[in-house]
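K.L.:
Sharing a model prediction with you, sequence too.
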Protein chains: 2
Amino acid sequence: MQDRVAQRRALLLVAALEAFGTRGFHAVTVREICAGAGLTERYFYESFKSLEALFSALYLQLNGQLKQATLAALIAANANSSASDSSSRIDVLAGAALRVLLEFIRDDPRRARVMLIDAISISHDVQQISGQITREYMELTRRFIDQLFPDAASRGVDLDLIASGLLGSNIHIATHWVREGLKTPFDVVLCNCLAIYQALGAYWPKLAASTMPDKPTPAA
Amino acid sequence: MQDRVAQRRALLLVAALEAFGTRGFHAVTVREICAGAGLTERYFYESFKSLEALFSALYLQLNGQLKQATLAALIAANANSSASDSSSRIDVLAGAALRVLLEFIRDDPRRARVMLIDAISISHDVQQISGQITREYMELTRRFIDQLFPDAASRGVDLDLIASGLLGSNIHIATHWVREGLKTPFDVVLCNCLAIYQALGAYWPKLAASTMPDKPTPAA
DNA sequence: CGTGTTTGACAATGCACGTTGTCAATCTAA
DNA sequence: TTAGATTGACAACGTGCATTGTCAAACACG
């Protein structure tokens, strides 16, 4: 009965989120997962080839949820602000995406451990997946910037790097937030994440205008 | 002879950088470390209680080097630019610190794996250390901002969060850089890292002036 | 020289885990 | 009811590793 198999698989994923999300990937064993899911080892191998495979499945599941929510929010936000200036479109679009991300983490901080911390340090296979997903988010950010400031591809400015930096700032702020027990109010976190986008948005025209002046290069 | 012990310890640290920095902490065994160092297991336990202890020692060593170089560069840069406006002091100070960081990574990318990737996902003990060090860098960044823009502690702006974000952008850009084989030119990476600081610096006065307006809050 | 310490190679132990297998209990369907 | 599939508890095997121990060679120094 394939229904039953899928249900067990789902149970395993729930147990995986609990185990990986609280103790971290490398502190978890197959037996623990099975105990958490109320199943025996046999049913683990029924659905997953290894712990890594389970982790990958969980990671992909979480990312699917987040991506779907993000895209939905972006579409909704875009509809509401089609005729605004660049500055307030940043507020609306980046704000909507950031809100979804932070809610996703706040609603279940175990996700942060899985998606933001462990995913990048496990085996090569998982790093491959995480790298791919990171690139997707970078691409989203890059297009976002590119659309708002078509003149941004000026000399010396690398949109991929800026996008990577923005992504990194979100990731780091979110993990730091979780690590401190979410004690900083949600809106404060959101505002300050957004402030970095806003600052870059405000600064961008200047960047595009100037030729990115050489900095003093004291003794390489 | 205590000289000999210290020398073996140093050999182990060299081997640790190679092993941890290329294959990652969890893919490394005591035996591999010993083989890499040309020593036998006994001398491992002579200097370290466990692989984790070795990793911690390596991590602290690398951070000591980086911190020392960073502070030296900041002092030197500060001396050269004591009488400039805020904007160019950002260029000089943040540029100097960023240059040191990126050189540190470029000169030996294995350090990135140890310091930026693995350190945050290993056992609780190591995470404690890494959290402490992260806080140090955040504190440095925070003071840096605070000094340049004393009016920055305005309503809704959390300097810790901004500092965390800046740190995260540097970390993410650096790891991304390494992951792509350092193919992006050094100066481009530096400029774009710096651009985020510059953007925030330019944006800060506006932030402090306005009351951090409420963003539209579409369906929390 | 020769004694005691340091070194190097490696065997031995023990543990934790992944993985597969056994077997009886339970459920399903005719 | 009964044959066959499904389930659950758990034993069994093999592996890989950390950690400790053995022993002989090399060395340091009186």
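P.N.:
Nice, thanks for sending it over.
K.L.:
list the buried ones in stretch A:74-94?
P.N.:
Residues A:74, A:77, A:81, A:88-94 are the ones in stretch A:74-94 that count as buried (16 or more other C-beta atoms under 10 Å in any protein chain shown). (Each C-beta comes from the backbone N, C-alpha and C, glycine too.)
K.L.:
cool, and stretch A:46-54?
P.N.:
A:47-48, A:51, A:54.
K.L.:
Now, these that are in helices?
P.N.:
With DSSP state H as the criterion, helices contain A:47, A:51, A:54 from among the buried residues of stretch A:46-54.
K.L.:
Residue B:106: which of those is nearest?
P.N.:
Taking C-beta to C-beta as the measure, residue B:106 sits nearest to residue A:51 out of those, at 34.7 Å.
K.L.:
Which residue comes closest to the closest one once chain neighbours are left out?
P.N.:
By the measure of C-beta to C-beta, 6 or more residues apart in numbering or on different chains, the closest residue to residue A:51 outside its immediate chain neighbours is residue A:30, 6.1 Å from it.
K.L.:
Next, count neighbours for that neighbour.
P.N.:
Neighbour count for residue A:30, taken as other C-beta atoms under 10 Å in any protein chain shown: 14.
K.L.:
And for residue A:35?
P.N.:
14.
K.L.:
quick one: buried residues of the helix or strand hosting residue A:36?
P.N.:
Assigned by DSSP states H and E, residue A:36 falls within helix A:30-37. By 16+ other C-beta under 10 Å, the buried positions in helix A:30-37 come out as A:32-34, A:36-37.
K.L.:
list the contacts for residue A:104?
P.N.:
For residue A:104, the contact set (C-beta atoms under 8 Å, 6 or more residues apart in numbering or on different chains) comprises A:65-66, A:69, A:111.
K.L.:
any chance of these in CSV, plus distance to DNA strand C?
P.N.:
Below are these laid out as CSV (distance: C-beta to the nearest atom of the strand, whole Å):
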residue, distance to DNA strand C
A:65, 26
A:66, 27
A:69, 32
A:111, 22
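K.L.:
Which of the residues you listed fall within helices?
P.N.:
The helices, defined by DSSP H, take in A:65-66, A:69, A:111 from the contacts of residue A:104.
K.L.:
Of these, which is the most crowded?
P.N.:
The most crowded member of the ones in helices among the contacts of residue A:104, judged by other C-beta under 10 Å, is residue A:111 (23 neighbours).
K.L.:
wait, doesn't that residue sit right on residue A:62?
P.N.:
Yes: taking contacts as C-beta atoms under 8 Å, residue A:111 lies within contact range of residue A:62: 5.5 Å.
K.L.:
if we can go back for a sec, any chance of the buried residues of helix A:30-37 in CSV, plus distance to residue B:203?
P.N.:
Converted to CSV, the buried residues of helix A:30-37 look like this (distance: C-beta to C-beta, whole Å):
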residue, distance to residue B:203
A:32, 47
A:33, 47
A:34, 52
A:36, 46
A:37, 49
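K.L.:
now, which of those sits nearest DNA strand D?
P.N.:
In terms of C-beta to the nearest atom of the strand, no member of the buried residues of helix A:30-37 lies closer to DNA strand D than residue A:34, at 8.7 Å.
K.L.:
Return the per-residue confidence for the closest one.
P.N.:
Residue A:34 carries a pLDDT score of 97 in this model.
K.L.:
can you tell me how far residue A:200 sits from residue B:96?
P.N.:
22 Å (C-beta to C-beta, to the nearest Å).
K.L.:
scratch that, residue A:71
P.N.:
41 Å.
K.L.:
if you count what's nearby, which of these two comes out ahead?
P.N.:
Applying other C-beta under 10 Å to residue A:71 and residue B:96 shows that residue B:96 carries more neighbours, namely 24 against 13.
K.L.:
so the more buried one makes contact with residue B:77?
P.N.:
Yes: taking C-beta under 8 Å as the definition, residue B:96 is a contact partner of residue B:77 at 3.8 Å.
K.L.:
Show the average pLDDT along the helix or strand harbouring residue A:104.
P.N.:
Element membership for residue A:104, per DSSP H and E: helix A:86-107. Helix A:86-107 shows a mean pLDDT of 91.
K.L.:
Tabulate the CA atom coordinates of stretch A:181-192 in PDB.
P.N.:
This file holds the C-alpha atoms of stretch A:181-192, laid out as PDB (Å, rounded to 0.1, in the frame of the first residue of the first chain):
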ATOM      1  CA  GLY A 181      16.300  32.900  21.100                       C
ATOM      2  CA  LEU A 182      14.400  35.300  18.900                       C
ATOM      3  CA  LYS A 183      14.400  37.900  21.600                       C
ATOM      4  CA  THR A 184      14.800  40.800  19.200                       C
ATOM      5  CA  PRO A 185      11.300  41.800  18.100                       C
ATOM      6  CA  PHE A 186      10.300  40.600  14.700                       C
ATOM      7  CA  ASP A 187       9.700  44.000  13.200                       C
ATOM      8  CA  VAL A 188      13.000  45.300  14.400                       C
ATOM      9  CA  VAL A 189      14.800  42.500  12.600                       C
ATOM     10  CA  LEU A 190      12.800  43.000   9.500                       C
ATOM     11  CA  CYS A 191      13.400  46.800   9.500                       C
ATOM     12  CA  ASN A 192      17.100  46.400   9.800                       C
END
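K.L.:
before we move on, back to that, export the buried residues of stretch A:46-54 to a markdown table and tack on distance to residue B:131?
P.N.:
Listed next are the buried residues of stretch A:46-54 as a markdown table, based on distance: C-beta to C-beta, whole Å:
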| residue | distance to residue B:131 |
| --- | --- |
| A:47 | 35 |
| A:48 | 32 |
| A:51 | 26 |
| A:54 | 27 |
